[in-house]
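Participant: From the sequence below, what's the structure:
(chains A and B)
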Amino acid sequence: MALNSIHYLFFLSIVFVLYFLLPGKQRWKLLLAASVYFYCTFDVKFLVLIAFSIFTSFFLTIKSEESADQSKKKLYLHMVVWSNVLILCVFKYYNFFVESAVDLFVSMGLHISPTLIQIGMPIGLSFYTFQIIGYSLDVYYDVSKAERNLGIYSLYILFFPKLISGPIEQSQNLLPQLHKEQNFDYNRVTSGIKLIAWGVFKKVCIADRLSVFVDTVFSSPESHGGLQAIVGCYFLVFMVYADFSGYTDMAVGTARIFGFDLIRNFNRPFISQNLTEFWKRWHISLYAWFYEYIYNPLSFSFRSLKKWGIVLAIFITITLSGIWHGAGMKFIIYGLLNSLGLSIEYLLTPFRVKMRKSISPVIYKYCSIFITFHFFLFCLIVFESDNFKEALSIIKSFSKINIHEVGWYLFGDNKIEFILAFVFVFILLGMEYWQAKTDNYLSFHLKLPYLVRWTVYSAVIFIVVYFGVFKTSEFVYAQF
Amino acid sequence: MEEIITRLTPILHRVFENNTIVVTPELAARDVENWTSMTNVIFIAEVENEFKIKFHFRDVMGLKNIGDLIKIIQKKIS
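Facilitator: I've put the predicted structure just below:
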């Protein structure tokens, strides 16, 4: 059940009505039942797997907290961490490792035919295993208390708005909220609905429209002109952003309706002036997780190496974050490229400080934004391509612009779609700018007269229905 | 405490490249421009060298200000 489906709309409406009809203390139980049902709509057989992760992490984390013996504390922590890492590796990476090993043996003249896992990947696996590992580490380091209510803990892992693609919630944020009775709050509910609507708009009007142009380039990298390649690659950045941040808006909006605040996963990433800032603004919950649980302990362990220890910690952390996205050489290269960018940026800090002081602040700012954006664009081309060679051939094709292509965009059959895509990207960026000016950017219309306000609502529904690209496309990050 | 602050001051000035930093127990990372997660690790390594001690990750992860650091140093050297 995708968040942008009619099925989800019905499901959400029913859960919403029942939730506020139930007495306050019983509401979380309904959310838990709804979350289990939601998970089962994807693949019921993996329920056993997620139940195993929930039960084992719940009991072992309590044991870890209660144990006075430091070595036992550590043992219970290791059991939670490594059991979840093992599950992740088996379901997500096993086939990649085996196929890579087979390729290696074939190159050495040996032919083997090992068994591959053909049962697919459990939905949300990368997100919930990380949440469980983060929770057990928080308890181990006394950042959080171990949760004693199995039902609430299960809801913390299974809560349906964030189950498929996050945000990866830290225990200190969500667990205390799940213990509180949430009462009906008209403003919260309407604000949640508006955020969901904005998320739907991003997904169906922007991401799915841009994907037509992006797919044209990436599905046949050899048979397109330079302008098509440039348009496809620029649209790729906004497609991935609109898709994933659209999903996040729907998730955060849904949680808000029920009275919960999920963390913000995106914060205007395209105004970032350097890569460090970019990764604090893009997929915030994932990179915060890697920063807390991988980078910090690693950089501490490598501290005797001084700045080279930091570079090493960056390389390991960011390469792992690339591999988190999937099994494949392109994800490793994606991680390595970002590691390289961040390391160079770190090592060049004195030079950058000198530059900032020696040129106009405005020029420095916009040059920095331009470089950061285009470095990320390059990484994303690698991410989207089948392999690194294909990514380079797409970039090389930028120089093959011909006049027929320009005509195709301006006068061809696709011109309306092309213009609409541009208009919607500008609306997206305009809303982002507005968001920076005010937190209530989705509430501007509240000051309008009643009739005008409903005209705005109707116009938004009309735009989504009329201009939305309604195809059965899943969210980009649902596959991770 | 005064002695520890006296020994910490040149380390802070060197690592964060600012000779005007006035070291007090209340001084925190947010008060110093270059005090990031990256420079913090180098700072910790320099403190270990200066006092000939070894921190555990658990020791430093909850540090809120110089006062907290001083308490740990005192515990380690006593």
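Participant: Contacts only, for A:S385.
Facilitator: A:F218, A:P221, A:K330, A:A391, A:I394 (CB atoms under 8 Å, 6 or more residues apart in numbering or on different chains). Any C-beta I mention is one placed from the backbone N, CA and C, and that applies to glycine too.
Participant: What helix or strand is the third one located in?
Facilitator: Looking back up the chat, that one is A:K330. In the assignment (DSSP states H and E), A:K330 maps to helix A:329-347.
Participant: which is the next helix or strand following that helix?
Facilitator: helix A:349-358.
Participant: thinking again about what came up before, which of the contacts of A:S385 count as buried?
Facilitator: A:F218, A:P221, A:K330, A:A391, A:I394 (16 or more other CB atoms under 10 Å in any protein chain shown).
Participant: Looking at pLDDT only, which of the residues you listed scores worst?
Facilitator: pLDDT across the buried ones among the contacts of A:S385 is lowest for A:P221, at 74.
Participant: Assign it to helix, strand or coil.
Facilitator: coil (DSSP: H, G, I helix; E, B strand; the rest coil).
Participant: hang on, the earlier thing: can I get the contacts of A:S385 in CSV with distance to B:V41?
Facilitator: Conversion of those to CSV gives the following (distance: CB to CB, whole Å):
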residue, distance to B:V41
A:F218, 40
A:P221, 42
A:K330, 31
A:A391, 34
A:I394, 38
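Participant: between those, which is closest to chain B?
Facilitator: Comparing the contacts of A:S385 against chain B with CB to the nearest CB places A:K330 closest, at 28.2 Å.
Participant: which ones are touching the closest one?
Facilitator: Counted by CB under 8 Å, 6+ apart, A:K330 has contacts A:V382, A:F383, A:S385, A:D386, A:N387, A:F388, A:A391.
Participant: The residue of chain B at minimum distance from chain A is in what secondary structure piece?
Facilitator: Relative to chain A, the nearest point of chain B is B:A45 (4.0 Å; CB to the nearest CB). Using DSSP H and E, B:A45 falls within helix B:37-51.
Participant: buried sites along that helix?
Facilitator: So for helix B:37-51, counting by 16+ other CB under 10 Å, buried means B:M38, B:T39, B:N40, B:V41, B:I42, B:F43, B:I44, B:A45, B:E46, B:V47, B:E48, B:F51.
Participant: Quick check: closest non-adjacent residue to the second one.
Facilitator: Leaving out its chain neighbours, the residue that sits closest to B:T39 by CB to CB, 6 or more residues apart in numbering or on different chains is B:V15, at 5.8 Å.
Participant: Just the pLDDT for A:H445.
Facilitator: Confidence score, pLDDT, at A:H445: 62.
Participant: Leaving out chain neighbours, which residue sits closest to A:L236?
Facilitator: The nearest residue in space to A:L236 (CB to CB, 6+ apart) is A:V214, at 4.8 Å.
Participant: Which residues does the host helix or strand of the one you found contact?
Facilitator: Per DSSP H and E: A:V214 is located in helix A:208-219. Helix A:208-219 is contacted from outside by A:224, A:228-229, A:231-233, A:235-236, A:238-239, A:242-243, A:384-385, A:394, A:417-418, A:420-421, A:424-425, A:467-471, A:473, using CB under 8 Å, 6+ apart.
Participant: Go ahead and produce PDB holding the CA coordinates of that helix.
Facilitator: C-alpha atoms of helix A:208-219 as PDB (Å, rounded to 0.1, in the frame of the first residue of the first chain):
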ATOM      1  CA  ASP A 208       6.500  11.600 -11.600                       C
ATOM      2  CA  ARG A 209       6.400  14.300 -14.400                       C
ATOM      3  CA  LEU A 210      10.200  14.800 -14.300                       C
ATOM      4  CA  SER A 211      10.700  11.000 -14.300                       C
ATOM      5  CA  VAL A 212       9.500  10.900 -17.900                       C
ATOM      6  CA  PHE A 213      12.400  13.100 -19.000                       C
ATOM      7  CA  VAL A 214      14.900  11.400 -16.700                       C
ATOM      8  CA  ASP A 215      13.900   7.900 -17.800                       C
ATOM      9  CA  THR A 216      14.300   8.900 -21.500                       C
ATOM     10  CA  VAL A 217      18.000   9.600 -20.800                       C
ATOM     11  CA  PHE A 218      18.900   6.900 -18.300                       C
ATOM     12  CA  SER A 219      17.000   4.000 -20.000                       C
END
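Participant: Give the buried residues for it.
Facilitator: A:D208, A:R209, A:L210, A:S211, A:V212, A:F213, A:V214, A:T216, A:V217, A:F218.
Participant: Stretch A:146-154 now?
Facilitator: A:A146, A:E147, A:I152, A:Y153, A:S154.
Participant: which SSE is the last one in?
Facilitator: Taking DSSP H and E as the criterion, A:S154 maps to helix A:150-158.
Participant: Report how many residues lie close to the residue in the stretch 351-480 of chain A positioned nearest to chain B.
Facilitator: Nearest residue of the stretch 351-480 of chain A to chain B: A:V353, at 9.2 Å (CB to the nearest CB). Look at A:V353: counted by other CB atoms under 10 Å in any protein chain shown, it has 12 neighbours.
Participant: again, but for A:K180
Facilitator: A:K180: 11 neighbours (other CB under 10 Å).
Participant: again, but for A:F127
Facilitator: Neighbours around A:F127, by other CB under 10 Å: 24.
Participant: Check B:R30 too.
Facilitator: B:R30: 8 neighbours (other CB under 10 Å).
Participant: Need the pLDDT of it.
Facilitator: Value listed for B:R30 in the pLDDT field: 88.
Participant: go on, A:S165?
Facilitator: Value listed for A:S165 in the pLDDT field: 86.
Participant: so it touches A:G124, yeah?
Facilitator: Yes - between A:S165 and A:G124 there is a contact under CB atoms under 8 Å: 7.1 Å.
Participant: could you pull out the helices for the stretch 251-400 of chain A?
Facilitator: Here the stretch 251-400 of chain A has its helices, by DSSP state H, counting those that start in this stretch, at A:275-278, A:284-290, A:296-301, A:307-324, A:329-347, A:349-358, A:361-384, A:388-396.
Participant: residue ranges with poor pLDDT in chain A?
Facilitator: A:114-119, A:405, A:407-413, A:438-447, A:470-480 (pLDDT under 70).
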